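> what follows is a predicted protein model with its sequence.
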Amino acid sequence: MSTPPLEGLHVLVLEDDFFIAEDTSQALKAAGASVLGPCRDAAAAFQALEADYADCAMVDVNLGQGPTFEPARALLARGIPVILVTGYDAKIIPAELANLPCLQKPTDPRRVVQAVRDLCVRASS
């Protein structure tokens, strides 16, 4: 029996849409990850990080008030690699964040798992 692809990883999910958050969380858990959240807003995400750590974070660009990149910037400042998730065109992503992995909504569970795996492998090497 093989090891699940995300075994041992802790992934923060910051997503305000209940259904997307649940689908993302379930895909990550099925692949062996521990999920922090899902969190509906940045305050909840940072509160979750007080109790646990994250190897990486999946961050929705729009948490209900239009595009914002402050949660991603704050996570990066803490040394937590970030995957952006958006329904917007990728052109809205600021230049300093343009190198971050970005998934378009609706997300495919296999792409979610692959993106987390790729990011965490890169971050650990």
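Now that the structure is in, tell me what you want to look at. Please read all numbers here as calculations on a predicted model, not as lab measurements.
> as a check, name the ranges of all strands in this protein.
For the chain, the strands defined by DSSP state E cover 10-14, 34-39, 56-60, 82-86, 102-104.
> any idea what the residue lying closest to K29 once chain neighbours are set aside is bridged to?
Sequence neighbours aside, V35 is the residue nearest to K29 in space, at 5.8 Å (criterion: C-beta to C-beta, 6 or more residues apart in numbering). Quick note: C-beta positions are derived from backbone N, CA and C, even for glycine. Listed beta-bridge partners, V35: V11 (assigned using DSSP bridges).
> if I pick V35, what's in contact with it?
Taking C-beta atoms under 8 Å, 6 or more residues apart in numbering, we find V35 in contact with H10, V11, L12, V13, S25, L28, K29.
> now the helix or strand of the chain with the lowest mean pLDDT against strand 10-14, angle please.
Lowest on mean pLDDT, DSSP states H and E among the helices and strands of the chain sits helix 109-124, with a mean of 89. With axes from the mean of the first three to the mean of the last three C-alpha atoms, to 10 degrees defining the directions, helix 109-124 sits at 120 degrees from strand 10-14.
> would you mark the buried spots in stretch 39-52?
Within stretch 39-52, the residues that qualify as buried are C39, R40, A42, A45, F46, A48, L49, counting by 16 or more other C-beta atoms under 10 Å.
> hang on, the fourth one packs against V11?
So the one you mean is A45. No. Using C-beta atoms under 8 Å, A45 is not in contact with V11, being 11.6 Å away.
> overlap of the contact sets of those two?
Common neighbours of A45 and V11, counting by C-beta under 8 Å, 6+ apart, are L36, A57.
> can I get the buried residues of stretch 39-52 in JSON lines with distance to Y88 and pLDDT?
Putting the buried residues of stretch 39-52 into JSON lines (distance: C-beta to C-beta, whole Å; pLDDT from 0 to 100) gives the following:
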{"residue": "C39", "distance to Y88": "20", "pLDDT": "97"}
{"residue": "R40", "distance to Y88": "19", "pLDDT": "96"}
{"residue": "A42", "distance to Y88": "18", "pLDDT": "95"}
{"residue": "A45", "distance to Y88": "20", "pLDDT": "97"}
{"residue": "F46", "distance to Y88": "23", "pLDDT": "96"}
{"residue": "A48", "distance to Y88": "25", "pLDDT": "96"}
{"residue": "L49", "distance to Y88": "25", "pLDDT": "97"}
